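Engineer: Prediction below, plus the sequence it came from.
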Amino acid sequence: MAIKISSQKILKICNRCGNTAQEKHHKKPKSEGGSDDKDNLTPLCKACHDYVHSKRKILKQLNLLKKKRHPKKAKTKEQIRLWKIKNSRRIRLWEHRLAVLELLNTEEIIKSTQKYTSYWTDTSTH
């Protein structure tokens, strides 16, 4: 979104929180075949851009864990059962991290503070 201030200056607005956008975010990452076309770019402020990338990393990890199969070295039913328990705990941990990340970085919080809060830097998370 852009607001025209004068015939020469255009102010970019963050598509997530409404603050002034300093960065362009690739909706589909270049590493996954995304382009620099304007249809693939969206303006974001620094805080929202950091949040979006952190969320993407957590979602990627969750998807990997949910697709993961038990290792071939787990041969007995008991070994497979224990592996499934361990993996489900990992999934719950990453789901918790995602929930905390979202609570710490709502659009309203970022709009008012203009900063991103990492799961790891917030002392209430651990």
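Structural biologist: Sure thing, it's come through.
Engineer: Might you report the residue contacts of the nearest residue to Leu82 once chain neighbours are set aside?
Structural biologist: Excluding its sequence neighbours, the residue lying closest to Leu82 (CB to CB, 6 or more residues apart in numbering) is Ala74, at 7.8 Å. Quick note: C-beta positions are derived from backbone N, CA and C, even for glycine. By CB atoms under 8 Å, 6 or more residues apart in numbering, the contact set of Ala74 is 80, 82-83.
Engineer: Same list, these, but as TSV with pLDDT please.
Structural biologist: Below are these laid out as TSV (pLDDT from 0 to 100):
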residue	pLDDT
Ile80	89
Leu82	92
Trp83	90
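Engineer: If you rank those residues by neighbours, which is first?
Structural biologist: Tallying neighbours with other CB atoms under 10 Å puts Trp83 at the head of the contacts of Ala74, with 16 neighbours.
Engineer: Now do the same contact list for that residue.
Structural biologist: 70-71, 74.
Engineer: hang on, the earlier thing: which SS class is the residue nearest to Leu82?
Structural biologist: coil (DSSP: H, G, I helix; E, B strand; the rest coil).
Engineer: any idea of the pLDDT on it?
Structural biologist: Ala74 carries a pLDDT value of 76.
Engineer: Also Ile5?
Structural biologist: Reading off the model, Ile5 has pLDDT 40.
Engineer: Could you do His70 as well?
Structural biologist: So His70 comes in at 78 (pLDDT).
Engineer: Following element in sequence after the helix ranked longest in the chain, please.
Structural biologist: The longest helix of the chain (DSSP state H) is helix 77-104. Per DSSP states H and E, the first helix or strand lying C-terminal to helix 77-104 is helix 107-113.
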